[in-house]
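> need a 3D model of the following:
(one chain, ligands or ions: 1)
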Amino acid sequence: MKHTAKANVNIALVKYWGKKDIEWNLPLTSSLSLTLDAFYTETTVAYDPKLTQDQLFIDDVEITGGEFLRVSKYMDKVRKLYNIPYYAVIHSYNFVPKKAGLASSSSAFAALAYAATKAYNLELDKKELSSLARLGSGSASRSIYEGLAVWHEGSDHLTSYAEHLTNMDDLALIVCLIDESPKKVNSTEAMNRLNDYPDLKELWVLSTKDAFNDMKDAIIENDFERIGGIAESHASLMHYIIQETGVSYLTDASFKVMDLTEKIRNEGIPVYYTMDAGANVKILTKKKYV
Ligand code: DP6
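Predicted coordinates for the structure are as follows:
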């Protein structure tokens, strides 16, 4: 009743921001991401009939408080869905360069979903595993796959899952480390604010649907400039929306890196920026330009 699983971090090129169902973690829109081959989480789940509650260790440190509660509530959902009668000891290790600002719930909940079901001898197919990972963290639904993945918004638990789209092996992502401090407002709390702003929400949903369709076309056509352009303007829109709901993640240093990226691009090198719920800027390019 023990299993170790590994999942990699992913970065969205068309972002997930906002939920239509908080309890089941269903997103407002579909999204599309690139899974990074270098950064991952490895998690072992060991069920033990003698335990009276879960235990969580991250990088060998026992975790209590809010972070523990999030994981044990997630394990309660897994137990309920699959009739698992036991609590577990969970050991999780993050193989992300320290301070890279990438420690991510995407790889964490994807690895946990896989380990938690395999440890009980359950063989979920990738779609169902993706739905299960989504219950822990939306972005985790996409970390079940390598390369490019799409997360279909769906309308209930089993129709909201991610699928592998394709691999584009010459893509590269550079992480510009700007800020190592924990976020002031976590992404779940920040994105839920969108529900209080109906006009903004409508703008975001319509624009994201367009960006998602355009991005899929650009990927099919293998048009890197278009892929980068869509990712960049979509990330900027997300940060405008976030700002309008009273949260700001980007700092002066983020804007400097964004300006520099545009400058380098104007000199003929294909580089495009994207940012998530933090100040760090990720630059999408092709391997030969890294
Ligand atoms: C900006 O997946 O962390 O990275 O589902 O509430 O856990 P929860 O949110 P989370 O949000 C990720 C937001 C994002 C964009 C993305 O990865 O699509």
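> which element is the residue of the stretch 151-290 of the chain found nearest the ligand on?
Ranked by C-beta to the nearest ligand atom, the top residue of the stretch 151-290 of the chain for proximity to the ligand is residue 188, at 3.3 Å. The C-beta positions use only the backbone N, C-alpha and C, and glycine is treated the same way. Here residue 188 sits within helix 187-192, counting by DSSP states H and E.
> quick one: the strands in the stretch 101-250 of the chain, in order.
All strands of the stretch 101-250 of the chain, identified by DSSP state E, counting those that start in this stretch, fall at 148-151, 162-166, 171-176.
> buried ones in the second one, by neighbour count?
Spelled out, it's strand 162-166. Residues 162, 164-165 are the ones in strand 162-166 that count as buried (16 or more other C-beta atoms under 10 Å).
> for that strand, which strands pair with it and how are they oriented?
strand 148-151 (antiparallel) (DSSP bridges).
> what is the burial count for the spatially closest residue to residue 152 that is not a sequence neighbour?
With sequence-adjacent residues excluded and distances taken as C-beta to C-beta, 6 or more residues apart in numbering, residue 152 is closest to residue 30, at 5.3 Å. Around residue 30 there are 19 other residues, counting by other C-beta atoms under 10 Å.
> residue 42 now?
Based on other C-beta under 10 Å, the number of other residues close to residue 42 is 16.
> that one: what's it in contact with?
Contact analysis of residue 42 by C-beta atoms under 8 Å, 6 or more residues apart in numbering lists 4-6, 92-93, 95, 111.
> compare those residues and tell me which is most surrounded.
Neighbour max across the contacts of residue 42 (other C-beta under 10 Å) = residue 111, 30 neighbours.
> interface residues of the stretch 101-250 of the chain facing the ligand?
Counting by C-beta under 6 Å from any ligand atom, the residues of the stretch 101-250 of the chain lying close to the ligand are 105, 137-139, 187-188.
> widest-spaced pair of these?
139 and 188 (10.7 Å; C-beta to C-beta).
> mind checking the longest strand of the protein?
Ranked by number of residues, the top strand in the chain under DSSP state E is strand 31-48.
> partner strands of the next helix or strand after it, with direction?
Using DSSP H and E, the helix or strand that directly follows strand 31-48 along the chain is strand 55-58. Strand pairing for strand 55-58, determined by DSSP bridges: strand 61-62 (antiparallel), strand 87-95 (parallel).
> which residues does the shortest one contact?
In other words, strand 61-62. By C-beta under 8 Å, 6+ apart, strand 61-62 touches 55-56.
> over to stretch 205-212?
14-15, 17-18, 28-32, 150, 230, 233-234, 237.
> make a markdown table out of those and add pLDDT.
Formatted as a markdown table, these follow (pLDDT from 0 to 100):
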| residue | pLDDT |
| --- | --- |
| 14 | 98 |
| 15 | 98 |
| 17 | 98 |
| 18 | 98 |
| 28 | 98 |
| 29 | 98 |
| 30 | 98 |
| 31 | 98 |
| 32 | 98 |
| 150 | 98 |
| 230 | 98 |
| 233 | 98 |
| 234 | 98 |
| 237 | 98 |
